[in-house]
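J.: Show me how the following folds:
(one chain, ligands or ions: 2)
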Amino acid sequence: MTLVALSGGVGGAKLVSGLAGVCGPGELMAVVNTGDDFDYLGLRVCPDIDSVLYAAAGLNDSVRGWGRENESWNFHHSLPQLGFESWFMLGDRDLATHVLRTDWLRQGATLSEVTARMAHALGLAFDIVPMSDDAVRTHVDTPEGVLAFQDYFVRRRCEPLCRGIRFEGAGTARLAAPLARQADAGAVQGWVICPSNPFVSIGPMLAVPGLRDRLGQRRAPCVAVSPIIAGQAVKGPAAKMMAELGLEVSALGVARRYAGLIDGLVLDRRDAAQAPAIEALGIRVGVTDTLMTDADSRERVARASLELIARCG
Ligand code: GDP
Ligand code: CA
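T.: Ligands and ions are numbered 1, 2, ... in the order given. The predicted structure follows:
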């Protein structure tokens, strides 16, 4: 039996790591957004998969919030000497991941196979599965035009107004086989939507028909953890995007966004007053301190998610 966690990068990776700490070996499958993936200097970069891999293996830089700790930047700083200025930074240690992934893909492996191989090599006792082996690419509609995700997120630092989001390729992308097998065998005992960006991390996953349909037809409960605490995102553009897309920036706004999809929502204590309004949407509420700053807090939020799944069952 498997718990399936839908995850973006940093926020998702924290809860996935917490769930890995409270689930037994082989009981957890993290399904990760690939809408941010892109090709850089011939390398396939999968930011959210890497965030989950690094966080789960304890290799992530928790201060910077992305990439690997003890990183060096010789590769990046050597590029301008050769006449190439880049707004996208790849650390030297991180580079090994992208070079290997690209080589294995070129030899014919799927992204699911490559990811499983890396997770295994890093000694992880749970599965990490890209949402699809087919390319899905997030684009953000802004007054500056339609920007590819990394162009919006990294080069433009999420500054342009977000008028809409599209997921190119999602309509025909097939759900990655490992999740399809688990779901179709009735082996999924619960679904957790991590506290990831609802628009650009969870949005691309829900745009993959095979995932959306299985979630819609599920028998096991689905709970989410709010990425919004006290009206703010912990990190990143989730709050800004929510406001720009006309949603209330609150746990209630998150609940409205996921209404019809989730059975329960874990909120932060600071948002407990919103519980009745969320319950009025037919969503059960769990309340805990949802800020994840260390292994204990990650496991606390993981346990709160599992308790809410049990209450929703
Ligand atoms: P990204 O792909 O790296 O942008 O990461 P995600 O989409 O997975 O996570 C970004 C979201 O995580 C943001 O909306 C944050 O508010 C949320 N987040 C980050 N850390 C925490 C945390 O400790 N607790 C909660 N509840 N949300 C968090
Ligand atoms: Ca991401």
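
J.: Quick check: which element contains the closest residue to ligand 1 within the chain?
T.: Of all residues in the chain, the one sitting closest to ligand 1 is residue 11 (2.0 Å; CB to the nearest ligand atom). (Each C-beta comes from the backbone N, C-alpha and C, glycine too.) In the assignment (DSSP states H and E), residue 11 maps to helix 10-22.

J.: close to ligand 1, is whichever strand or helix holds residue 56?
T.: Using DSSP H and E, the element containing residue 56 is helix 47-57. Yes - contact between helix 47-57 and ligand 1, assessed by CB under 6 Å from any ligand atom, occurs at 48, 51.

J.: and the angle for that helix with helix 10-22?
T.: 40 degrees (axes from the mean of the first three to the mean of the last three CA atoms, to 10 degrees).

J.: Touching the next helix or strand after helix 47-57 from outside, list them.
T.: Sequence-wise, the next helix or strand downstream of helix 47-57 (DSSP H and E) is helix 74-78. Helix 74-78 has contacts (CB atoms under 8 Å, 6 or more residues apart in numbering) with 86, 89-92, 95.

J.: Report the mean confidence score over stretch 210-219.
T.: Confidence for stretch 210-219, expressed as mean pLDDT, is 96.

J.: cool, stretch 270-284 as well?
T.: 98.

J.: ok, now stretch 123-142?
T.: Here the average pLDDT along stretch 123-142 is 98.

J.: Check the separation of the first and last residues in that stretch.
T.: 41 Å (CA to CA, to the nearest Å).

J.: Kindly report the same for stretch 232-246.
T.: 15 Å.

J.: circling back to that earlier point, for the contacts of helix 74-78, give me JSON lines that also has neighbour count.
T.: Below are the contacts of helix 74-78 laid out as JSON lines (neighbours: other CB atoms under 10 Å):
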{"residue": "86", "neighbour count": "12"}
{"residue": "89", "neighbour count": "15"}
{"residue": "90", "neighbour count": "21"}
{"residue": "91", "neighbour count": "21"}
{"residue": "92", "neighbour count": "14"}
{"residue": "95", "neighbour count": "18"}
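
J.: Now, the residues you listed that are in helices?
T.: Taking DSSP state H, the ones among the contacts of helix 74-78 that sit in helices are 92, 95.

J.: could the contacts of helix 74-78 go into CSV alongside distance to residue 283 and pLDDT?
T.: Shown next, in CSV, are the contacts of helix 74-78 (distance: CB to CB, whole Å; pLDDT from 0 to 100):
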residue, distance to residue 283, pLDDT
86, 44, 94
89, 39, 96
90, 40, 97
91, 40, 98
92, 45, 98
95, 43, 98
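
J.: which pair in the contacts of helix 74-78 spans the largest distance?
T.: 86 and 92 (14.4 Å; CB to CB).

J.: And for residue 116, the neighbour number?
T.: 18 (other CB atoms under 10 Å).

J.: would you put the C-alpha positions of the helix or strand hosting it in PDB?
T.: Residue 116 is located in helix 111-121, with elements delineated by DSSP H and E. Once non-C-alpha atoms are left out, helix 111-121 reads as follows in PDB (Å, rounded to 0.1, in the frame of the first residue of the first chain):
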ATOM      1  CA  LEU A 111      13.000  10.300 -16.900                       C
ATOM      2  CA  SER A 112      11.300   7.900 -14.400                       C
ATOM      3  CA  GLU A 113      14.100   5.400 -14.800                       C
ATOM      4  CA  VAL A 114      16.800   8.100 -14.400                       C
ATOM      5  CA  THR A 115      15.100   9.500 -11.300                       C
ATOM      6  CA  ALA A 116      14.700   6.000  -9.700                       C
ATOM      7  CA  ARG A 117      18.300   5.300 -10.400                       C
ATOM      8  CA  MET A 118      19.500   8.500  -8.700                       C
ATOM      9  CA  ALA A 119      17.100   8.000  -5.700                       C
ATOM     10  CA  HIS A 120      18.400   4.500  -5.300                       C
ATOM     11  CA  ALA A 121      22.100   5.600  -5.500                       C
END
